[in-house]
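J.: Sequence first, then the predicted structure, then my questions.
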Amino acid sequence: MALPLGAHAECAWDTPKLLRNVFLNRTEASRPLTDLKVSDEWIETWKKSSSEERKWLEANLFYDRDQIALNAGRETRQLLPLWDEGGFFLKDRPLDKFDKAFQDYIANGKKIRVEDEFDIALIEKFNGILMQEKGLFNSGKFGKVRESSQVYFNLPRSKMAQEGKLLEKNPYLTFEKDPAHPYQRVFYPKPEDTRRLLEEAVSEMKSTLRSSKSLEERVRAYTDFTQKLVSIHPFPDGNGRTTRFTLSYLLSQEGLPMPILEDTIDLSITQERFYEKVVTGIRTSNRFLEDVRWRQSLGLDIKKTPLNLVSKLPDRIRFTSKGLKGAKADFPIDSYDYAQFVRSKGNKIESYAPKETRLLREYVQSVKDWSVHFVKAGKETDLYQVRRVPDESRDLLKVREFDSDQIKTFHRDFYEKSEIHRGLSTQHSYTDEELLSHFQELSNIHLSMGASRVGTGSKDRLLTKITENQTDFNSMIGNPGKFFQHAADHMNAEGSYGQSVFLSTSKNKAVAKRFSEGFLTGEQSILKMKGQLILTALEPKHGAVDFNRLNEISGKQGSSFMSKYPRQQEVAVVGAIHPGSVMRVEFKDVEVLDVRRNTGELQAGTTKVKRTRVLERLPEDPTKIKLSTFDGEGNLVSERILN
């Protein structure tokens, strides 16, 4: 398929590492820690989860599958697809051991004052639990600081120039100089020195904590200690998982979640950089757990959260085009859209790790294939992309009531800040309760052409039809020719219009007002008009098409699509407008005085407004709807909260 623009287009990653933490940048990490949520809510989330869900949460928070795949042997890599099916079923079952440690010391354990009560014995207990039995990964004696084993790792000489200089500054490490060997052997401390060095590191951390005056100072003390712990390597085996668990335990004493780290604890970075990675990981965990809590509260499948992909996504894609002078821009990857793409390929979102690099490249190609369009505006370029409808949209349509936090999260994750409008002339006057129902239940004004034919009599049939609309739309994204034909039929009221997956809205409220006055309706309909309804909702991030923008790229696809009414600023929404996204409903009780005829099909009536009622969500609490009533002259008569 030809790329858009009719010119050469290419994609490049803005980081040497294809898969990295989406938030990993200094601006994010260097913010004050006052925004970190200090609470045990995340532990309550874990307690409310089923056994299977708990393992899934722990796997996402604790283990790094990519790192294991890179470092472990072939047998381990072959078992990776089983990672999320029952908690990484291996003979060794490492997740079971972590689950026990988590329950005993974080979820149900008594909190301690770290500067007074933390000691080496506790770290030994962690290692003992995490390494209970000899298995696939394990060998040696566990739960006790090593007294006889000398441990080391091999550093390729090719990495010495970049990583070796920093490692050589690490006071705990020594190097074996052997020019003939392809690897540089790096030794951890001698066994006879290990306990003393570990005691000193614990003592230094506790001393720093006693003088600390802020959360930031305490977190820095923990990250500095963590790097020392992995540098000392106090155990024969399991040092990595023991160190990560110790860090998680220390942070949990402050009410902070386990950080989702992009890779293992790396000795080849500075203390400051490691601190930044941990803070970034805490913020990533908070966002992930917040979405999990939101899904739990609404009865949604927590495993479908796209935020368990976040730590594996690059944050941006760089698109360049030689055909447009200076057209070069970075665009963020939408995790919800990417999640739908992964699912559309038949992958369970929680077990896609072995294929994730390939899937990410395929996703980028799908974006390039048809939905990238550059608009030159000075030094800036713009991207237009049609995003898939999330799988959970059907389940969200079943939610009749949100609490304040739920609806704010819903709006933030699924909607733009911009608004769309839809107008309708009615042949009867609405009661206050009927107007309020537009914020709670589906009616014909919410529905696509195809769904409106089903009607609102059977909720199950209606939801099924809306889901069909959304599924058809998602499949059409992979077939631009079919997509443009369907959009053209909808725009021009031809062909498949009656079964269209879209409903029409406008970014321009004046257009909705015109339709509410009877635009494009017949004389008899206008004469029977009793009311004029304008519904205002948030514009969906996913499953919505800006026809004016679509018009700009249609020629690049060889499509005949042409917006019939470009000034209408039409945004076509797939399936239905969710009642929870409705922000304002305005209804005018009117008396028709005459019918005004224009050229062609255009007709409208001259009316007298008898009363106007405006219902709108309160910004501070979007679950509350305020009703304002105005007389025919526009004077405020009354205000009250309806729910």
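T.: Ah, there it is.
J.: Show me where the stretch 351-500 of the chain has its helices.
T.: Listed in chain order, the helices of the stretch 351-500 of the chain (DSSP state H, counting those that start in this stretch) span 356-370, 393-397, 404-414, 432-436, 449-452, 459-477, 480-492.
J.: now those helices in CSV, with mean neighbour count and mean pLDDT?
T.: Glycine gets a C-beta too; all of them are placed from N, C-alpha and C. As requested, the helices of the stretch 351-500 of the chain are exported to CSV (neighbours: other CB atoms under 10 Å; pLDDT from 0 to 100):
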stretch, mean neighbour count, mean pLDDT
helix 356-370, 17, 79
helix 393-397, 18, 89
helix 404-414, 17, 94
helix 432-436, 15, 96
helix 449-452, 22, 89
helix 459-477, 19, 92
helix 480-492, 20, 84
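J.: Test my guess that N170 contacts H233.
T.: No: the criterion here is CB atoms under 8 Å, and N170 misses it with H233 at 11.5 Å.
J.: The two: which has the busier surroundings?
T.: A side-by-side neighbour count of N170 and H233, using other CB atoms under 10 Å, places H233 first with 25 against 15.
J.: List the contacts of the more buried one.
T.: Shown in contact with H233 (CB atoms under 8 Å, 6 or more residues apart in numbering): V151, Y188, P189, T194, N239.
J.: go on, P622?
T.: F402, S404, I407, K408, H411.
J.: just to revisit the earlier point, including distance to F630, could the helices of the stretch 351-500 of the chain go into CSV?
T.: Output for these, formatted as CSV (distance: least, CB to CB, whole Å):
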stretch, distance to F630
helix 356-370, 47
helix 393-397, 32
helix 404-414, 27
helix 432-436, 14
helix 449-452, 30
helix 459-477, 34
helix 480-492, 35
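J.: For I333, find the nearest of these.
T.: helix 356-370 (8.1 Å; CB to CB).
J.: helices or strands next to that closest one in the packing?
T.: strand 9-13, strand 316-321, helix 335-344, helix 480-492 (3 or more CB pairs under 8 Å, 6 or more residues apart in numbering; DSSP states H and E).
J.: swap the cut-off to 7 Å and go again
T.: Other helices and strands packing on helix 356-370, by 3 or more CB pairs under 7 Å, 6 or more residues apart in numbering; DSSP states H and E, are strand 9-13, helix 335-344.
J.: May I ask which helix or strand encompasses T612?
T.: Per DSSP states H and E, T612 falls inside strand 603-617.
J.: One more: T194?
T.: Per DSSP H and E: helix 191-211 holds T194.
J.: E124 versus S231, what's the distance?
T.: The gap separating S231 from E124 is 18 Å, by CB to CB, to the nearest Å.
J.: Please say which of the two ends up with more neighbours.
T.: S231 (21 against 18).
J.: got the contact list for that one?
T.: N170, Y172, L173, L267 (CB atoms under 7 Å, 6 or more residues apart in numbering).
J.: Repeat that for R617.
T.: M583, I625.
J.: For L615, see how far away the nearest residue to S252 once chain neighbours are set aside is.
T.: Closest residue to S252 apart from its sequence neighbours, by CB to CB, 6 or more residues apart in numbering: I106 at 4.8 Å. Applying CB to CB, the value for I106 to L615 is 46 Å.
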